[in-house]
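Undergrad: Next input, structure requested:
(one chain, ligands or ions: 1)
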Amino acid sequence: MKTNPVIKCTCTGVLFGACFPLVSTLVEMWNQGLPLSFQSVMSAQASQPLLWIIDSAPLILGVMAAFIGKKQRELIVHNEQLDLKVKEKTQFLEEKNHELKGEIEIRKRTEKALIKAKEEAEDAKHAEERFLANMSHEIRTPLNSIVGFTRLLIETEVDEQQSEYLKSIKYASNHLLAIINDILELSKIKAGQIEFEQYPINLRDLLGSVINTIAISARNKGLEVGYDIDDEAPEGIKGDTVRISQVLLNLLNNAVKFTSNGSVKLHVSTIYNDDCKCTARMRFEVVDTGIGIPADKLESIFDDFKQAESSTTRLYGGTGLGLAISRKLVDLQGGSLEVTSQLGEGSTFYFEVEYPTCEAKPEEEDAFNLHIKDGNELHARVLLAEDNDMNRVLAEKVFEVWGSSFELDFAINGKEAIEKFMANDYDLVLMDLQMPIMDGFTACEFIRTELDPPKRDTPIIALTADVLASERKRAFQVGMNEYVTKPFKPQELYFKMFKTIKEYRDGI
Ligand code: ADP
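TA: All right, here's what the predicted structure looks like:
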């Protein structure tokens, strides 16, 4: 049991104070030679008046000690409160510590789960890319043969009925190719496989050529067709011609498809953001006077495989992918594709995208003009590495049409291509990418790294059914000079071969 410090100190003070009168009285009695008795004490006290003052010492010391005791008690209470607070704080900190440890544990687990999810997502993305690359290759390769041979057959002598059949095959295979291309295109966009080029575009030329592309079908339907562009618009913009044309052509083709009377117009206007007119915000509007779109379908038509009416495919054809692709392509350029429409009166599809302005690009010299100018004197030996028999026969037929400009030799895989390349002199190699035994990437890498100049610098063009940006990038990384996708357009292949060989010979 704890004693009250006030009582304890007071008692100590009083007892200690009492010592003073006791000792002084005893000393006085000793001096006076008095015996030890109450009377001696009284007479010593009476003879020495100072003793009466000393007698008050117990009282004074008692009061002082009581005061000290009080302070001590306050201190003890204060200490106890402090202790309590420290205990509370300690407990609080311990709890917090515990909580933090728990949180750290949870975070560690979440981090691990995130890393795992990221790895799984990357795996899935790679699997998707691989699937796309394979799909692209496996479907486009046979289609390449169908489209190419049909084109060649149509040019041979056939009777009227055979010609009709061939036209049907051509129409159906082109349609199938368009659908496959759309599906692949959408998958490419979703897999982040689209890359936008930035090169100078002559704006008015581009608009003219997209309008020309739809002009025949529009005029066949008796539609008025044309474009206008404001005087303020720049001569040239920097962008991706292919992608801009793709979006405009999709909107214009739809406009023609869904309009039976009236007109299809493309309006282009400009807003400059700065005094130097370095960037221009271009607004493109495709306006038609066609069937229009119900108000409740204005958003859903931009979804994959969605059409305004269930009867649309039957009446007008199409897959419902064009607008989904176009909207994503506009999004990727920083704009947004929108529509306004009145049922039965027509629709307006519009988007705005900002482009850097530039000088207008000079017209690209056509390969055939170059060819003629040079007096058909190219005489190049070309090695085609291609594993598919049909594609080799097709290439042979296409090259035959070009006469003596090119002499064609074949290899059926990358390994054979290297052997033939080392044994002969070629001006160009056309390299399929996916081949058995050795693929085109490996063969190209070997030529570029293992052989001595000038052989190792021979131009190599990838000729492939792969349309993925990652495959294209890889082809350039291993040292290919150009990239042509199958089914190839003979004109495009000719142009790229001609240009690549000329540049190589001119030492560019
Ligand atoms: P597709 O034309 O192949 O069906 P799109 O994605 O290009 O696919 O278009 C989706 C749908 O939007 C069309 O099926 C049609 O119902 C509607 N649509 C698009 N453009 C127009 C237009 N100019 N006029 C009326 N309807 C349109």
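Undergrad: Make sure E285 is indeed in a helix.
TA: No: with DSSP: H, G, I helix; E, B strand; the rest coil as the criterion, E285 is located in strand rather than a helix.
Undergrad: Next secondary structure after the least confident helix or strand in the chain by mean pLDDT?
TA: The weakest-scoring helix or strand in the chain, judged by mean pLDDT, DSSP states H and E, is helix 367-373 (a mean of 47). Using DSSP states H and E, the helix or strand that follows helix 367-373 in sequence is strand 380-385.
Undergrad: Buried residues, that next one. List them.
TA: A380, V382, L383, L384, A385 (16 or more other CB atoms under 10 Å). No exception for glycine: its C-beta is placed from N, CA and C like everyone else's.
Undergrad: what do you get for stretch 51-64?
TA: In stretch 51-64, counting by 16+ other CB under 10 Å, buried: L51, I54, D55, A57, P58, L61, G62.
Undergrad: Surely the fifth one and V14 touch.
TA: Yes: under the contact definition of CB atoms under 8 Å, P58 touches V14, with a separation of 4.7 Å.
Undergrad: coming back round to it: and the least confident of the buried residues of strand 380-385?
TA: Ranked by pLDDT, the buried residues of strand 380-385 bottom out at A380, which has 86.
Undergrad: Contact partners for that one?
TA: S405, F406, E407, D427, L428, M497, I501 (CB atoms under 8 Å, 6 or more residues apart in numbering).
Undergrad: out of these, who has the most neighbours?
TA: M497 (26 neighbours; other CB atoms under 10 Å).
Undergrad: And it, how far from T357?
TA: For M497, the distance to T357 equals 34 Å [CB to CB, to the nearest Å].
Undergrad: C444 now?
TA: 38 Å.
Undergrad: Out of those two, name the residue with the larger neighbour count.
TA: When neighbours are counted by other CB under 10 Å, C444 and T357 differ, and C444 comes out ahead with 26 against 20.
Undergrad: My assumption is that the more buried one lies in a strand; please confirm.
TA: No: C444 is assigned helix when assessed by three-state DSSP, not a strand.
Undergrad: Quick check: closest non-adjacent residue to it.
TA: With sequence-adjacent residues excluded and distances taken as CB to CB, 6 or more residues apart in numbering, C444 is closest to V478, at 4.8 Å.
Undergrad: just to revisit the earlier point, so can I have TSV of the buried residues of stretch 51-64 showing pLDDT and distance to G322?
TA: Shown next, in TSV, are the buried residues of stretch 51-64 (pLDDT from 0 to 100; distance: CB to CB, whole Å):
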residue	pLDDT	distance to G322
L51	78	124
I54	84	119
D55	83	119
A57	84	114
P58	86	113
L61	87	108
G62	89	107
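Undergrad: What ranges does the stretch 101-250 of the chain have for its helices?
TA: 160-190, 203-220, 241-257 (DSSP state H, counting those that start in this stretch).
Undergrad: Go through those helices and pick out the most buried.
TA: helix 241-257 (a mean of 21; mean count of other CB atoms under 10 Å).
Undergrad: and it, how far out from the chain's middle?
TA: Helix 241-257 sits 25 Å away from the centroid of its parent chain (CA atoms, centre = their mean, to the nearest Å).
Undergrad: do stretch 330-347 as well
TA: On CA atoms, centre = their mean, the centre of stretch 330-347 falls 24 Å from that of its chain.
Undergrad: Among the buried residues of strand 380-385, which one sits closest to L93?
TA: L93 lies nearest to A385 out of those, by CB to CB, at 72.6 Å.
Undergrad: shouldn't that closest one be in contact with L428?
TA: No: applying CB under 8 Å as the test, A385 and L428 come out as separate, 11.5 Å apart.
Undergrad: before we move on, the earlier item: can you lay out the buried residues of strand 380-385 as TSV showing distance to Q72?
TA: Converted to TSV, the buried residues of strand 380-385 look like this (distance: CB to CB, whole Å):
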residue	distance to Q72
A380	111
V382	109
L383	107
L384	107
A385	102
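Undergrad: And those, which is closest to the ligand?
TA: L384 (35.7 Å; CB to the nearest ligand atom).
Undergrad: Not counting its neighbours along the chain, what's nearest the closest one?
TA: L430 (4.5 Å).
Undergrad: Assign the one you found to helix, strand or coil.
TA: L430 - assigned by three-state DSSP - is strand.
Undergrad: what pairs with it across the strands?
TA: Under the criterion DSSP bridges, L430 forms beta bridges with L384, I461.
Undergrad: which sections of the stretch 151-300 of the chain are below the confidence cut-off?
TA: Within the stretch 151-300 of the chain, no stretch has pLDDT under 70.
Undergrad: Within range of the ligand, give me the residues from it.
TA: N250, N254, A255, F258, D288, G290, I291, I293 (CB under 6 Å from any ligand atom).
Undergrad: let's see it at 5 Å
TA: N254, A255, F258, G290, I293 (CB under 5 Å from any ligand atom).
Undergrad: that's a helix at the fourth one, yeah?
TA: No: note on G290: no helix contains this position according to three-state DSSP, which reports coil.
Undergrad: Any chance of the backbone angles for it?
TA: Per-residue torsions, G290: phi -90, psi -150 (degrees, to the nearest 10).
Undergrad: just the third one next, same as before
TA: Main-chain torsions, F258, degrees, to the nearest 10: phi -100, psi 10.
Undergrad: so D387 touches L433, yeah?
TA: No: using CB under 8 Å, D387 makes no contact with L433, being 10.5 Å away.
Undergrad: Between these two, which is the more surrounded one?
TA: Shown here are D387 and L433; by other CB under 10 Å, L433 has more neighbours (26 against 19).
Undergrad: centroid residue for this protein?
TA: G192 (6.1 Å; CA atoms, centre = their mean).
Undergrad: Return the distance of that residue relative to the ligand.
TA: 21 Å (CB to the nearest ligand atom, to the nearest Å).
Undergrad: cool, and I325?
TA: Where the ligand is concerned, I325 sits at a distance of 8 Å (CB to the nearest ligand atom).
Undergrad: Identify the residues contacting that residue.
TA: Shown in contact with I325 (CB under 8 Å, 6+ apart): D182, E185, L186, I189, Q246, N250.
Undergrad: Let's see that with 6 Å instead.
TA: Going by CB atoms under 6 Å, 6 or more residues apart in numbering, I325 touches E185, L186.
Undergrad: mind giving me the domain ranges of the protein?
TA: 5-95, 131-190, 199-358, 367-507 (automatic domain parsing).
Undergrad: closest one to L114 among those?
TA: That would be domain 131-190 among the domains of the chain, by CB to CB, at 22.1 Å.
Undergrad: how distant is stretch 232-245 from the center of its chain?
TA: With CA atoms, centre = their mean, you get 23 Å for stretch 232-245.
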